[in-house]
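Engineer: dropping the sequence and predicted coords here.
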Amino acid sequence: MYSIKKYQKQIPMESIGQHIESLREELNLHNYNYYVLSTPTISDFEFDQKMKELTRLEEAHPEFADPNSPSQRVGSDLTKNFVQIPHKYPMLSLGNTYSEEEVKEFFDRVKKDLNDTFEIVCELKYDGASISLTYINGRLVQAVTRGDGVKGDDITANVKTIRSIPLVLRGTDYPAEFEIRGEILMPWKVFDELNKERAEQEEPLFANPRNATSGTLKLQDPKIVASRKLDAYLYYMLGENLPTGGHYENLQKAKEWGFKISDATKKCTTIEEVFAFIKYWDVERKNLPVITDGIVLKVNSLLQQKNLGYTSKFPRWAIAYKFQAEQELTELLSVSYQVGRTGTVTPVANLQPVKLSGTTVKRASLYNADSIEALDLHIGDMVYVEKGGEIIPKVTKVETSLRKPGSLKVEFIHECPECHTQLVRDQGEAAFYCPNYMGCPPQIKGRIEHYITRKAMDISGGSETVEHLFNAGLIRNVADLYTLKWEDVAVLERWAEKSAKNLIDSIADSNKVPYSRVLFGLGIRYVGETVAKKIAVAFPSIDLLEQATVEDLVQVDEIGERIAQSVVDFFRKEENIEIINKLKLFGIQFEQKQNTSVSGSDKLKGLTIVISGTFEKYSRDEYKGLIESNGGKNSGSISAKTNYLLAGANMGPAKLEKAQKLGVAILNEDEFLKMIE
């Protein structure tokens, strides 16, 4: 049995007011980090304990009451970028517990207050972004975030990109109007791919899928949201004319209408059944494709829910039991700093090896200077290490009670650890970086390593190859690769004639690599594979791209100001232009070649085609290019003159209805591509 009492601090009476104010300031900061920045600096458990401590102190000392205390409201994820919509029904949080003892207290309290038989519905607590969906006449009309519980952001356009959320319901027996609430999630697989891509571009990694989901839903471009492949589970229905009087039964009806309802839901009548459910899923949750952090318990009868009512912040008929994150206590031996190919400096904690989730952890991410400061790290500290999403090791907090006297506080470095250049930090950015673009060895080697990767120029070798060539003074930039001779390489230590020849041959073959991959290989900050493809279509030669302005670039799908500015800045560097000019001399492809199998034909001559939705095989811009290269005409709206609608996923119902009404033929991706074979 786990008790929360040992975490409560004894506060001297003389400083009680000061301590309350300090807690409020701290919790306000954590609320901001969590809901606005989507970059929490403490665990949910630690946040909940601080909130409980504040609530306890405020109740014991009403003379220090403050209507603006963080204990008086639900944390907000409101932004200035979306229209705010009032909730028809308040969207409150649930009370949290980490102990089975408190679960039993909840069960006994419900039993006493109802004085009648009751059922408890046990559900998985998914760890994502809460959403409220409104349906009228079977169609999705509005999607609103939790916000501050009273009003939230209207993110309907973004939510419509999530395939597991139905735009039109199945069947006919649903209420004319109702609201259904749930959680939007990023699957583990998608999260890993996204962080891998961000790591390649040296962007800050998301700490966990929850923060990745929150950050995605705040994006202003639904097309980017669609590419993130979010998922959703729905868990509660509200309205005037619900199909049944039972919460569980309503969810089963919702499943019939096309909603994604978790199968991990069970009705229980005894506390023993509840504990068995908790015990089972504390283990099995690790096999799920999405993140869960606990179990939600709800009284099943809607009438009984109404009778139990609410406190000022929480429903009395529900509670959330949260699983303990797997963590271990170990010693911080030192902090080292890694310099990436774009100059970003990342701090890494070197730890006394410790077993965690079946693996030995020796190093853990500290993210950036702000994270180090928030943790108040000292060398020799005993620190708690978790696997963020049980994948990325991270330091979550310090056990200050075990701190050694005189231990040295960790201060983020001011100079590059490799070239000793003064570090810089751009306004609005979390990371420090080394500005010595052409002289910092890790940046030089990193850019070359990126250039030769399989997804870029596909040149044989890896980091060890680049290290050997760099240390031998044979290469200082990617253009130098094309001046290498096999005999220069073969004489190096651990190289043989055959391996040297393979390297030289693969370098020679790289001039066949298409333009979009060359763009990716250049290592322009924030330009990943997908973005490089879109840029190559929009600017089919490097010369056109070099002349592009920020305003030109933001017209391209998925290109925002940050990416656009990065591209422009890249071409402003004389060193980069010089390298590109050298690569041109070696025959590298800096123009978009037309696909001869589909270009220059008249197969779509005289046809007007409208594109709508999101696609898997090609981007919308690429499909537009295919239509035009085969003699067709693109149109943004459907009319009597439209011949075909090329329909992707998440297409708006209005276009579909209009196409059907006008008798316009509807094509999927495969059908369209067969037309131009």
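Structural biologist: That came through fine. Numbering: from 1, shown residues only.
Engineer: so which strand or helix has the residue nearest to the spatial centre of the chain?
Structural biologist: With distances taken as Cα atoms, centre = their mean, residue 212 lies nearest the centre of the chain, 2.0 Å away. Secondary structure from DSSP states H and E places residue 212 in helix 209-217.
Engineer: residue 501 belongs to a strand, doesn't it?
Structural biologist: No. Going by DSSP: H, G, I helix; E, B strand; the rest coil, the assignment for residue 501 is helix, not a strand.
Engineer: for it, what are its contacts?
Structural biologist: If you count contacts by Cβ atoms under 8 Å, 6 or more residues apart in numbering, residue 501 has them with 486, 490. All C-beta atoms are positioned from the backbone trio N, CA, C, and that covers glycine.
Engineer: do that again at 6 Å, thanks
Structural biologist: residue 486 (Cβ atoms under 6 Å, 6 or more residues apart in numbering).
Engineer: kindly report the same for residue 663.
Structural biologist: With Cβ under 6 Å, 6+ apart, residue 663 has no contacts at all.
Engineer: any idea how many residues pack against residue 307?
Structural biologist: Look at residue 307: counted by other Cβ atoms under 10 Å, it has 14 neighbours.
Engineer: distance of the nearest residue to it once chain neighbours are set aside relative to residue 218?
Structural biologist: Counting by Cβ to Cβ, 6 or more residues apart in numbering, residue 307 lies nearest to residue 114, which is 6.9 Å off, once chain neighbours are set aside. Noted for residue 114: a distance of 41 Å to residue 218, by Cβ to Cβ, to the nearest Å.
Engineer: have a look at the two and say which one is more surrounded.
Structural biologist: The residue with more neighbours, out of residue 114 and residue 218, is residue 218; 19 against 15, by other Cβ under 10 Å.
Engineer: phi first, then psi, for that one.
Structural biologist: Main-chain torsions, residue 218, degrees, to the nearest 10: phi -90, psi 0.
Engineer: where does it sit relative to residue 339, distance-wise?
Structural biologist: From residue 218 to residue 339 the distance is 30 Å (Cβ to Cβ).
Engineer: check residue 459 too.
Structural biologist: Distance from residue 459 to residue 339, by Cβ to Cβ: 23 Å.
Engineer: and for residue 309?
Structural biologist: Using Cβ to Cβ, residue 309 is found at 57 Å from residue 339.
Engineer: more crowded one of the two?
Structural biologist: More crowded of residue 309 and residue 339, by other Cβ under 10 Å: residue 339, with 24 against 10.
Engineer: does the more buried one touch residue 418 like I think?
Structural biologist: Yes. With contact defined as Cβ atoms under 6 Å, residue 339 and residue 418 form a contacting pair (5.3 Å).
Engineer: now the common contact residues for these two.
Structural biologist: Common neighbours of residue 339 and residue 418 are listed as residue 442 (criterion: Cβ under 6 Å, 6+ apart).
Engineer: that older thread, what's the burial count for the residue nearest to the residue nearest to the centre of the chain when sequence neighbours are not counted?
Structural biologist: Distances taken as Cβ to Cβ, 6+ apart put residue 206 closest to residue 212, at 3.9 Å, once the chain neighbours are dropped. For residue 206, the count of nearby residues is 23 (other Cβ under 10 Å).
Engineer: does residue 206 lie in a helix or a strand, and which?
Structural biologist: Per DSSP H and E: nothing holds residue 206, as it lies in no helix or strand.
Engineer: in a strand, residue 634, correct?
Structural biologist: Yes. According to three-state DSSP, residue 634 belongs to a strand.
Engineer: where's the spatially closest residue to it that is not a sequence neighbour, which helix or strand?
Structural biologist: Nearest residue to residue 634 in three dimensions, chain neighbours excluded: residue 624, at 5.1 Å (Cβ to Cβ, 6+ apart). Following DSSP H and E, the helix or strand that holds residue 624 is helix 620-629.
Engineer: I'd say the residue nearest to residue 212 and residue 216 touch.
Structural biologist: No. Contact criterion Cβ under 6 Å: residue 206 and residue 216 do not qualify, at 9.2 Å.
Engineer: so for the helix or strand of the chain with the lowest mean pLDDT, what gets flagged as buried?
Structural biologist: The helix or strand with the lowest mean pLDDT-type score in the chain, counting by mean pLDDT, DSSP states H and E, is helix 620-629 (a mean of 78). Neighbour counts using 16 or more other Cβ atoms under 10 Å place 620, 621, 622, 623, 624, 625, 626, 627, 629 of helix 620-629 among the buried residues.
Engineer: so what does that helix touch, helix or strand wise?
Structural biologist: Contact analysis of helix 620-629 by 3 or more Cβ pairs under 6 Å, 6 or more residues apart in numbering; DSSP states H and E lists helix 529-538, strand 608-612 as its packing neighbours.
Engineer: residue 239 is nearest to which of the ones you listed?
Structural biologist: Nearest to residue 239, of all those, is strand 608-612, at 31.1 Å by Cβ to Cβ.
Engineer: and the angle for that closest one with helix 620-629?
Structural biologist: In terms of direction (axes from the mean of the first three to the mean of the last three Cα atoms, to 10 degrees), strand 608-612 departs from helix 620-629 by 170 degrees.
Engineer: let's number from 310 now, not from 1
Structural biologist: OK, 310 is where the count begins now, so the last one is strand 917-921.
Engineer: ok, strand 917-921: who's next to it in the sheet?
Structural biologist: strand 942-944 (parallel), strand 953-956 (parallel) (DSSP bridges).
Engineer: which residues are in contact with stretch 717-732?
Structural biologist: Identification of contacts with stretch 717-732 by Cβ under 6 Å, 6+ apart yields 644, 646, 648, 678, 681, 686-688, 741, 743, 745, 748-751.
Engineer: ok, now with 10 Å
Structural biologist: 641, 643-648, 652, 654, 656, 658, 675, 677-682, 684-690, 734, 740-746, 748-754 (Cβ atoms under 10 Å, 6 or more residues apart in numbering).
Engineer: now, of those, which are buried?
Structural biologist: Counted by 16+ other Cβ under 10 Å, these give 641, 644, 646, 648, 652, 654, 656, 658, 675, 677-681, 684, 686-687, 690, 740-743, 745-746, 749-754 as buried.
Engineer: residue 588: neighbour count?
Structural biologist: Count around residue 588 with other Cβ under 10 Å applied: 11.
Engineer: please apply the same query to residue 470.
Structural biologist: 21.
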